[in-house]
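Here is my input, please return the structure:
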Amino acid sequence: MPDGLLADEALTKDLVGLISILNVNCRVAFQDLLDQMLVTNPDNPVACIISDELFHFTQSVADHFKLPRIILRTNIATTFSIIAALPVLRQKGYYPIQDHPNSDGPLPDLPNLRIKDLPVFSTSNLDTLFQLIDQLIMATRISSGLIINTIDCLEQTTLAEFRHDFQIPVYPIGPLHKHLTETCNSSSLLMDDHGRITWLDRQAPRTIIYVSFGSIAAMDRSELIETAWGLAHSGQPFMWVVRTGLVRGSKWVEFPEGFEDMVGDRGLIVKWVPQQEVLAHPSVGGVWTHCGWNSTLESICEGVPMLCWPCFGDQSVNARLVSHVWRVGIRLEHGLDRDKIEWAIRKLMVGQEGEGMKERIEDLKENVDRCLRKRGSSNQSLNNLIDFILAI
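You can find the predicted model right below:
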């Protein structure tokens, strides 16, 4: 890659452009490195290449060495199906979203989604985006298979359609985090504060709403204020992750005057916590999330219903599935407003509709657990993947 490439601020803000350039500039270096590995380790040959779907250049390198390439997708199959459909949706005027007069309207052939649920990509050049999509689809069709961080019980129909359309082996081995052993290091990007778990130990069962918008999503100062007052007025105990960088343009977070006095011991503000441990804690009865796929999947695995506030990328797709397909959460729409937040928290945590969500997500949790057991779908997919690699 040319020196200084990543220093171009405009480029780093255009994620699609950056990925496209990486696909061009990394191929030769990767091929040279792999060639060196094969030459220096003749007794330990490379069985296959496993690479992220976005790095489609690895397919040409795999072809050069006559190696199988298996794609790794860390998000759900539904989003891939939507991305594959985007060129047609663009021709019909459904994309970009802002160009359509009725963003609340349904999508053709995608009945569970609305136009406004389509994924949003960081780019100023749609032609580059659709060129990248074409290359991803082409590389997928000629690959040797797809590993995907999803579960058959969540996306059975979509996975069947994918297998039919692409005619390649598909290995839904998710949830990936459940395959980690106790000796594995935490996958957290930030330093966990395990000491805060003792605060949860003092709370009543299923009363805490855990609030976390992940490690990347950010909000404006006005959104922070609405969030703070919504939590305060809900009357519900909460643990709120307020990390560095959560508020755009601020190095630290200043809460509205009177907020901390009103909340008192009912709320706990933390910089970062071990999320899986928090979600599994018996005092946690709900989670307010940005609906990144990892967080969504972790919430399902622990049987915690969700309040959804999607921010970018595929998060709107995930939120729609949570709220209207699996029906295990509520989606906040049309901006953050303290009254709507208060209403949604109470509905999720103490309302009758929230009780139904808790029952449904417990059922989902049990289905996921079954998929991970011996002869379950995820367990069998993992065994099939291992057999495939060993047979190469």
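
Off-centre distance for stretch 124-131?
Stretch 124-131 sits 22 Å away from the centroid of its parent chain (C-alpha atoms, centre = their mean, to the nearest Å).

any residues touching the longest helix that the chain contains, and which ones?
For the chain, the longest helix by residue count, based on DSSP state H, is helix 352-372. The contact list for helix 352-372, computed with C-beta atoms under 8 Å, 6 or more residues apart in numbering, reads 151-154, 175, 178, 206, 285-286, 299-305, 326-330, 347-348, 376-379. C-beta: built from backbone N, CA, C; applies to glycine.

just the buried members of these?
Among the contacts of helix 352-372, those classed as buried by 16 or more other C-beta atoms under 10 Å are 151-154, 175, 178, 285-286, 299-305, 326-330, 347-348, 376-379.

mean confidence score for the helix or strand where residue 146 lies?
If you go by DSSP states H and E, residue 146 is part of strand 145-148. Across strand 145-148, the average pLDDT comes to 98.

Name the residues of the longest helix of the chain that come out as buried.
354, 357-358, 360-361, 364-365, 367-368, 371-372.

Adding pLDDT as columns, could you present these in a markdown table?
Shown next, in a markdown table, are these (pLDDT from 0 to 100):
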| residue | pLDDT |
| --- | --- |
| 354 | 95 |
| 357 | 98 |
| 358 | 97 |
| 360 | 98 |
| 361 | 98 |
| 364 | 97 |
| 365 | 97 |
| 367 | 97 |
| 368 | 96 |
| 371 | 96 |
| 372 | 96 |
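
just curious, which of those residues is nearest to residue 145?
residue 371 (18.9 Å; C-beta to C-beta).

okay, and for the stretch 101-250 of the chain, where does confidence drop off?
Within the stretch 101-250 of the chain, the segments meeting pLDDT under 70 span 181-195.

rerun that using 50 as the cut-off
For the stretch 101-250 of the chain, the stretches with pLDDT under 50 are 182-183, 185.

what ranges do the strands span in it?
Here the stretch 101-250 of the chain has its strands, by DSSP state E, counting those that start in this stretch, at 106-107, 110-114, 145-148, 170-172, 208-212, 238-241.

same for the fifth one, what does it pack against?
On a contact count with 3 or more C-beta pairs under 8 Å, 6 or more residues apart in numbering; DSSP states H and E, strand 208-212 meets helix 221-234, strand 238-241, helix 275-279, strand 284-289, helix 338-349.

Residue 103 contacts residue 118, doesn't it?
No. Counting by C-beta atoms under 8 Å, residue 103 does not reach residue 118; the two are 9.0 Å apart.

Which of those two has more residues huddled nearby?
When residue 103 and residue 118 are compared for neighbours, residue 118 comes out ahead with 25 against 14, by other C-beta atoms under 10 Å.

Around the residue nearest to that one when sequence neighbours are not counted, count how many other residues there are.
Distance criterion C-beta to C-beta, 6 or more residues apart in numbering; nearest residue to residue 118, sequence neighbours excluded, is residue 97 at 5.7 Å. Neighbour count for residue 97, taken as other C-beta under 10 Å: 16.

residues touching residue 97, list them.
Residue 97 touches 103, 115-116, 118, 120, counting by C-beta under 8 Å, 6+ apart.

repeat for residue 214
Residues counted as contacts of residue 214 (C-beta under 8 Å, 6+ apart) are 289-290, 292, 295.

let's go with 7 Å and repeat that
Residue 214 makes contact with 290, 292, 295, according to C-beta atoms under 7 Å, 6 or more residues apart in numbering.

Dump these into a markdown table; add neighbour count, distance to residue 134 and pLDDT as well.
A markdown table is the format used below for those (neighbours: other C-beta atoms under 10 Å; distance: C-beta to C-beta, whole Å; pLDDT from 0 to 100):
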| residue | neighbour count | distance to residue 134 | pLDDT |
| --- | --- | --- | --- |
| 290 | 23 | 29 | 96 |
| 292 | 23 | 26 | 95 |
| 295 | 22 | 30 | 97 |
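
Of those residues, just say which sits nearest to residue 242.
Closest to residue 242, out of all of those and judged by C-beta to C-beta, is residue 290, at 13.8 Å.

My understanding was that that closest one contacts residue 310; is that so?
Yes. Counting by C-beta atoms under 7 Å, residue 290 touches residue 310, with 6.3 Å between them.

tell me the mean pLDDT for stretch 60-73?
Rounded mean pLDDT across stretch 60-73 is 97.

So which residue is dead centre in this protein?
residue 293 (2.1 Å; C-alpha atoms, centre = their mean).

Please name the nearest non-neighbouring residue to that residue.
That would be residue 75: by C-beta to C-beta, 6+ apart, it lies 4.8 Å from residue 293.

same question, residue 203
In space, residue 203 is closest to residue 283, 3.9 Å off (C-beta to C-beta, 6+ apart).

I'd say that neighbour and residue 209 touch.
No. Residue 283 is beyond contact range of residue 209, at 10.4 Å (criterion: C-beta under 7 Å).

In this structure residue 122 contacts residue 19, no?
No. With contact defined as C-beta under 7 Å, residue 122 does not count as touching residue 19 (9.9 Å).

Compare those two and say which is more crowded by neighbours.
Neighbour count, other C-beta under 10 Å: between residue 122 and residue 19, residue 19 has more, with 20 against 15.

helix, strand or coil for that one?
The local conformation at residue 19, judged by DSSP: H, G, I helix; E, B strand; the rest coil, is helix.

what's the distance between it and residue 53?
11 Å (C-beta to C-beta, to the nearest Å).

and of the buried residues of helix 352-372, the nearest to residue 254?
residue 354 (31.8 Å).

Report the separation between the residue nearest to residue 203 and residue 139.
46 Å.
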